[in-house]
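Chemist: Just to be clear, the model below is a prediction. Sequence and coordinates:
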Amino acid sequence: MNQYDEIKQGEKGAWVSIGAYLALTALKLGAGYWYISGALVADGFNNLTDIVASVAVLIGLRISQKPPDKDHPYGHFRAETIAALVASFIMASVGLQVLITAGQSLFEGHEETPNLITAWVALFSAVCMGAVYMYNSRLAKRINNMALLAASKDNLSDALVSIGAAVGIIASQFGMPWMDPVAAIAVGLIICKTAWGIFYSSTHALTDGFDEKELHTLRTTIARTKGVQTIKDIKARIHGSNVLVDVIVQVDPELTLIESHRICDEIEHRLGRKHNILSVHVHVEPLESPIGN
């Protein structure tokens, strides 16, 4: 299975998320408004933003499958990163709206005790999202798709949000109606935190940021390649769910061109096998002898 086939497989996870979010959003918003639960309504809006985020991931995966062209010699893999960035803005706007609405309800003293049915709806939603998380997480790891892996983490946070909403609703049954809007505020904060995490990772990737620990791991793999004397320079950047690496290695100056080329091939092979690197550009230089030798 090549990278394009893997991206195609990732669409299944996006569709599963969209289907689950559509059903749960309708259920939560309907039950939340009917049985007067701010926490469940906030959770429903949280899932509404997740629909947008999942659609964005799906669109990004579709665009990423386009082959390289004159304007995009490296392909269109960053489309999914841009889609995630757009989704983060939408999630942040909804999260802020949830915080404002819940805050007004809390400070204006309009708390009402919601029906216990809404707690069961929240718990049912948590179980559903837990199952979606397990499916998407396994699929993402199997095809090594970073966008789907991030989406699966969002699935897990949604399950935890629903549990939190259920706790707030149940607590309101024991003479604490203010716990329902407090739970809604907690949900709003989680939405904003999730939006910030997606925004940060997306902008970090789009500005060619790369994790230092992961770069050190790549350096170690290259350094252990037979024939590599030293690593003069190494750089890496994220391209969608893929990693592009540029490295300058120094080898024995007595090696032939063919032998040096074999070292380059071995570096590419090792990085592809151990770290699933999409593209490796290796520049070979002769090892300079110390002064005086």
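Modeler: Great, that's in hand. Just so it is clear, the model here is predicted, and its values are computed rather than measured.
Chemist: mind listing the strands in the stretch 101-250 of the chain by residue range?
Modeler: 230-239, 242-251 (DSSP state E, counting those that start in this stretch).
Chemist: Parallel or antiparallel, list what pairs with the last one.
Modeler: Using DSSP bridges, the strands paired with strand 242-251 in its sheet are strand 230-239 (antiparallel), strand 279-286 (parallel).
Chemist: Check which residues of it are buried.
Modeler: Neighbour-count burial for strand 242-251, counted by 16 or more other CB atoms under 10 Å, picks out 242-245, 247, 249-251. Heads up, the C-betas are built off the backbone N, CA and C, glycines and all.
Chemist: out of those residues, who's nearest residue 204?
Modeler: residue 243 (13.4 Å; CB to CB).
Chemist: the inter-axis angle of the helix or strand harbouring residue 45 versus strand 242-251?
Modeler: Using DSSP states H and E, residue 45 maps to helix 38-64. Interaxial angle of helix 38-64 relative to strand 242-251 (axes from the mean of the first three to the mean of the last three CA atoms, to 10 degrees): 60 degrees.
Chemist: Show me what helix 38-64 is packed up against.
Modeler: When contacts are defined as 3 or more CB pairs under 8 Å, 6 or more residues apart in numbering; DSSP states H and E, helix 38-64 packs onto helix 3-34, helix 79-107, helix 117-143, helix 146-172, helix 179-206.
Chemist: mind running it again at 6 Å?
Modeler: helix 3-34, helix 79-107, helix 146-172, helix 179-206 (3 or more CB pairs under 6 Å, 6 or more residues apart in numbering; DSSP states H and E).
Chemist: what about the stretch 101-250 of the chain, any weak spots by pLDDT?
Modeler: 108-113, 144, 146, 180 (pLDDT under 70).
Chemist: Please report phi then psi for the residue lying closest to residue 250 once chain neighbours are set aside.
Modeler: Computed as CB to CB, 6 or more residues apart in numbering, the closest residue to residue 250 that is not its neighbour in sequence is residue 287, at 4.3 Å. Residue 287 adopts backbone torsions of phi -70, psi 120, taken as degrees, to the nearest 10.
Chemist: Format the strands of the stretch 101-250 of the chain as CSV; extra columns: distance to residue 161.
Modeler: As requested, those are arranged in CSV below (distance: least, CB to CB, whole Å):
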stretch, distance to residue 161
strand 230-239, 28
strand 242-251, 31
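Chemist: Out of these, flag the one nearest residue 12.
Modeler: strand 242-251 (19.6 Å).
Chemist: Taking helix 146-172 as reference, get the angle to the closest one.
Modeler: Going by the same axes, to 10 degrees, strand 242-251 makes 130 degrees with helix 146-172.
Chemist: Please report the distance of the residue nearest to residue 250 from residue 79.
Modeler: 41 Å (CB to CB, to the nearest Å).
Chemist: which one of those two has more residues nearby?
Modeler: residue 79 (21 against 16; other CB atoms under 10 Å).
Chemist: what's the closest of the strands of the stretch 101-250 of the chain to residue 273?
Modeler: strand 242-251 (13.7 Å).
Chemist: average model confidence for whatever helix or strand comes next after the closest one?
Modeler: Reading on from strand 242-251 to the C-terminus, the next helix or strand found by DSSP H and E is helix 257-275. Averaged across helix 257-275, the pLDDT comes to 92.
Chemist: Identify the residues contacting helix 257-275?
Modeler: 221-222, 225, 227, 251, 277, 280, 282, 284 (CB atoms under 6 Å, 6 or more residues apart in numbering).
Chemist: Now do the closest residue to residue 163 other than its chain neighbours against residue 194, distance only.
Modeler: Closest residue in space to residue 163, ignoring its immediate chain neighbours: residue 126 at 4.9 Å, by CB to CB, 6+ apart. Residue 126 sits 16 Å away from residue 194, taking CB to CB as the criterion.
Chemist: Likewise for residue 159?
Modeler: From residue 159 to residue 194 the distance is 13 Å (CB to CB).
Chemist: neighbour count winner among the two?
Modeler: When residue 159 and residue 194 are compared for neighbours, residue 194 comes out ahead with 24 against 18, by other CB under 10 Å.
Chemist: For that one, list the residues it contacts.
Modeler: residue 157.
Chemist: Let me know the pLDDT of residue 79.
Modeler: At residue 79, pLDDT is 82.
Chemist: Many thanks, I have nothing further to ask.
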